[in-house]
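Colleague: next input, structure requested:
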Amino acid sequence: MQELLRVMRTIDDRIVHELNTTIPTASFVGKVDPGQTCKELYQSLMDAHTNRERIIKNCISQTSAVVKTLKEEREKAHEDAALLKQLRKEQTKLKLMQSELNVEEVVNDRSWKVFTHLTVMMFCPNRQS
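Modeller: Numbering: from 1, shown residues only. Prediction:
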């Protein structure tokens, strides 16, 4: 899952580059609509954030169900070392996924701050931020 999230976070990692390529140079100013390009980038960010959050929460839900089942089985078979090991493994996985939600919040926050700052600079160049 972490590798999938890393790949899915590419748009956030490249937000400055994406915004810089949105701003047309003097020779392309009449050929590119920066407002439309900006809207498309905004929608791409929104979609990426929504999809990642959905995937993480789905994984948390599934792993929570597995942990619950293993706990119930563990109550019936106190001496089963393999069951305890599997329960610990799933609990660790669950904690990792829950921490990914926190990482996601930080990544999203950073991306929106950069997006907001650069779009203000792009469309309001005389404004100080």
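Colleague: export the worst-scoring helix or strand of the chain on mean pLDDT as CSV, just CAs?
Modeller: Scoring the helices and strands of the chain by mean pLDDT, DSSP states H and E places helix 15-22 at the bottom, with a mean of 73. Extracted C-alpha coordinates of helix 15-22, given in CSV (Å, rounded to 0.1, in the frame of the first residue of the first chain):
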residue,chain,number,x,y,z
ILE,A,15,2.9,20.7,-7.4
VAL,A,16,5.4,23.6,-7.9
HIS,A,17,6.5,22.2,-11.2
GLU,A,18,2.9,21.7,-12.3
LEU,A,19,2.0,25.3,-11.4
ASN,A,20,5.2,26.7,-13.0
THR,A,21,4.2,24.9,-16.3
THR,A,22,0.7,26.4,-16.0
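Colleague: would you pull up how far it lies from the middle of the chain?
Modeller: 18 Å (CA atoms, centre = their mean, to the nearest Å).
Colleague: repeat that for stretch 58-75.
Modeller: Relative to its chain's centre, stretch 58-75 lies at 24 Å (CA atoms, centre = their mean).
Colleague: one more: stretch 87-103?
Modeller: With CA atoms, centre = their mean, you get 16 Å for stretch 87-103.
Colleague: do the same with stretch 67-80
Modeller: For stretch 67-80 - counting by CA atoms, centre = their mean - the centre lies 33 Å from the chain centre.
Colleague: any buried residues in it, and which?
Modeller: Across stretch 67-80, burial judged by 16 or more other CB atoms under 10 Å covers 67, 70. In this view, the C-beta of every residue, glycine as well, is placed from N, C-alpha and C.
Colleague: residue boundaries of the helices in this protein?
Modeller: Taking DSSP state H, the helices of the chain run over residues 2-8, 10-13, 15-22, 34-76, 81-123.
Colleague: for the fourth one, packing partners?
Modeller: If contacts are counted by 3 or more CB pairs under 8 Å, 6 or more residues apart in numbering; DSSP states H and E, helix 34-76 sits against helix 2-8, helix 10-13, helix 15-22, helix 81-123.
Colleague: those helices: lowest mean pLDDT?
Modeller: Lowest mean pLDDT within the helices and strands packed on helix 34-76: helix 15-22, a mean of 73.
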